[in-house]
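1. no sequence on this one, just coordinates:
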């Protein structure tokens with residue numbers, strides 16, 4: 001396992017230009033093409049009720065060039081653990097997942113033994129949107145992960161990502177959850193902030209909560225590039 005002191009803010013994805021500067025062009029394919037998102041775009045704004053923007057409509061040519069076709073990404077050593085958003089991303093990209101619709105902290109505990117049996121993987125935890133009030137339980141979960149489990153795997157925790165439309169009122173609680181969790185993770189867990197990036201670059205959803213295919217591909221690429229960056233820096 002890659003181990004070392006915490007490195008969060010320094011390499012979290014914050015902006016379009018930030019990602020390019022951190023990951024370098026070698027991880028990106030400017031020739032990649034994707035089908036347009038099936039959802040109606042909204043205009044990006046400053047408030048939480050106006051942040052839903054499809055990637056195609058974002059006013060930047062860099063946004064659609066940030067990620068390469070997913071067939072060029074090797075997720076063979078990844079396991080994604082999460083809720084319906086992880087289910088959707090996993091189905092679209094054929095990822096190895098431990099995930100169910102509508103789950104949260106209790107799902108982690110219910111699959112605790114299955115999770116601890118994993119060895120030699122990049123384990124990506126991506127849940128919390130269904131039970132944002134349980135942030136203290138999530139913090140305790142990650143702080144109490146056994147040392148041998150963390151030694152045998154690389155542990156990554158992804159921010160809860162933003163919502164829009166009828167779910168936009170959740171964004172304040174999402175921000176609180178992300179701050180509390182990221183500030184409390186042990187050194188054995190690496191934080192990946194996709195939420196900040198999506199708010200700046202824009203994202204598309206099918207219902208305000210679940211993302212369209214192009215956004216799922218973007219999130220997967222952000223996660224992949226962050227994992228490769230952590231590992232290239234020795235973490």
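-> It's in. Everything numeric in this text was worked out from a predicted model, so none of it was measured.

2. if I look at the residue of the chain most remote from its centre, how far off is residue 118?
-> Within the chain, the residue lying farthest from the chain centre (CA atoms, centre = their mean) is residue 148, at 24.6 Å. According to CB to CB, to the nearest Å, residue 148 stands 12 Å off from residue 118. C-beta here means a position set from N, CA and C on the backbone, and glycine is covered the same way.

3. Helices of this structure, residue ranges please.
-> According to DSSP state H, the chain carries its helices in the segments 16-23, 84-93, 105-110, 112-116, 135-143, 147-152, 171-184, 195-201, 213-232.

4. need those in TSV with mean pLDDT and distance to residue 72, can you?
-> Supplementary listing: the helices of the chain in TSV, determined by pLDDT from 0 to 100; distance: least, CB to CB, whole Å:
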stretch	mean pLDDT	distance to residue 72
helix 16-23	30	14
helix 84-93	96	12
helix 105-110	98	31
helix 112-116	98	28
helix 135-143	98	31
helix 147-152	97	28
helix 171-184	98	29
helix 195-201	95	20
helix 213-232	95	10
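
5. Which of those sits closest to residue 207?
-> Between residue 207 and the helices of the chain, the tightest spacing by CB to CB is seen for helix 84-93, at 10.6 Å.

6. Other residues contacting that closest one?
-> 70, 75, 80, 95-97, 99-103, 126-127, 129-130, 161, 209-211, 213, 216-217, 219-220 (CB atoms under 8 Å, 6 or more residues apart in numbering).

7. Among these, name the buried ones.
-> 70, 75, 80, 95, 97, 99, 103, 126-127, 129-130, 161, 209-211, 213, 216-217, 219-220 (16 or more other CB atoms under 10 Å).

8. Just the ones of those residues in strands?
-> Among the buried ones among the contacts of helix 84-93, the subset assigned to strands under DSSP state E consists of 80, 97, 99, 126.

9. what's the closest of those residues to residue 173?
-> Of all those, residue 126 has the smallest distance to residue 173: 17.0 Å, by CB to CB.

10. Not counting residues beside it along the chain, what's closest to the spatially most central residue of the chain?
-> When the chain is reduced to its mean C-alpha position, the nearest residue by CA atoms, centre = their mean turns out to be residue 158, at 4.2 Å. Spatial nearest neighbour of residue 158, excluding adjacent residues (CB to CB, 6 or more residues apart in numbering): residue 126 at 4.3 Å.

11. picking up where we left off before, tell me which of the helices of the chain sits nearest to residue 122.
-> Closest approach to residue 122 among the helices of the chain is made by helix 213-232 (5.6 Å; CB to CB).
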